[in-house]
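Enquirer: sequence-free structure coming up:
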C-alpha cells in the first residue's frame, strides 16, 4: 500500500497557516479550508490509497533535490520534472505537472502502507529543509549583488532558529 500527496505551490504564508493549524495531517484529516489554503483527502476505494492535497512553496527541482539530501534521502535522482529518492525506508517519487503542481507518491520498501501522518511529517521535514535552501540561495544573491546595487554588506548574523540578519550600508558616491 502507499500514500500519494499532491503538492500545490503557494506563498510562504500558506505554509505558515497550515503549520499553525496543527500541521498538514490535521488539516488534511478535517478537509478544512483556511484563508484560501485547502487540503483534501479523496478515498479511492476502501483498500486503495487516499490522495492528500496540500499547498506548499516548493518550486525549484534543484533546491528540492538538495533539500531531500539534507534530510537524509539517498539515491536522489532528478530527471526534468521527475524526482525520486529513498528516505527512511520510504520510496518517494515526485512529479511536477505543467501547472507546477508536485505530486508525491510514497511507498514503503517493506510493502506495508505508509500512514498519512508519516507522509505529512516527511513533507513537513522536506518543506523545512527546502525553506532553509531557499534562504541560503537568497542570502547568496544578496551578497553577490550588494556592491553592484550600491550597497555594502556590513554584517551578517544567524540566530539559533536559522534567521539570517544582514546589515547593508548605502555606499557614499559623493
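Expert: The structure has been received and is ready for your questions. These figures come from a predicted structure and were not determined experimentally. Residues are numbered from 1 along each chain as shown.

Enquirer: Could you pull out the buried residues of stretch 127-137?
Expert: Across stretch 127-137, burial judged by 16 or more other CB atoms under 10 Å covers 127, 128, 129, 130, 131, 133, 134. (Glycine included, C-beta is placed from N, CA and C.)

Enquirer: Let me know the pLDDT of the fifth one.
Expert: At residue 131 the predicted local distance difference test score is 89.

Enquirer: Name the helix or strand for it, please.
Expert: Following DSSP states H and E, one finds residue 131 within helix 116-145.

Enquirer: what's in contact with the helix or strand that that helix is followed by?
Expert: Counting by DSSP H and E, the next helix or strand C-terminal to helix 116-145 is strand 151-158. Contacts with strand 151-158, where a contact means CB atoms under 8 Å, 6 or more residues apart in numbering, come from 139, 142, 143, 146, 164, 165, 166, 167, 168, 169, 170, 171.

Enquirer: Excluding chain neighbours, what is closest to the fourth one?
Expert: It refers to residue 146. The shortest distance from residue 146 to any non-neighbouring residue, by CB to CB, 6 or more residues apart in numbering, is to residue 153 (5.0 Å).

Enquirer: Now which of the contacts of strand 151-158 would you call buried?
Expert: 142, 146.

Enquirer: returning to what we had before: between the helix holding residue 131 and strand 151-158, how big is the angle?
Expert: Taking axes from the mean of the first three to the mean of the last three CA atoms, to 10 degrees, one finds helix 116-145 and strand 151-158 inclined to each other by 150 degrees.

Enquirer: Reformat the buried residues of stretch 127-137 as JSON lines; add distance to residue 104.
Expert: Shown next, in JSON lines, are the buried residues of stretch 127-137 (distance: CB to CB, whole Å):
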{"residue": "127", "distance to residue 104": "11"}
{"residue": "128", "distance to residue 104": "15"}
{"residue": "129", "distance to residue 104": "14"}
{"residue": "130", "distance to residue 104": "12"}
{"residue": "131", "distance to residue 104": "17"}
{"residue": "133", "distance to residue 104": "17"}
{"residue": "134", "distance to residue 104": "18"}
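
Enquirer: which stretches of the protein aren't confidently modelled?
Expert: The chain contains residues with pLDDT under 70 at 1-57, 173-174.
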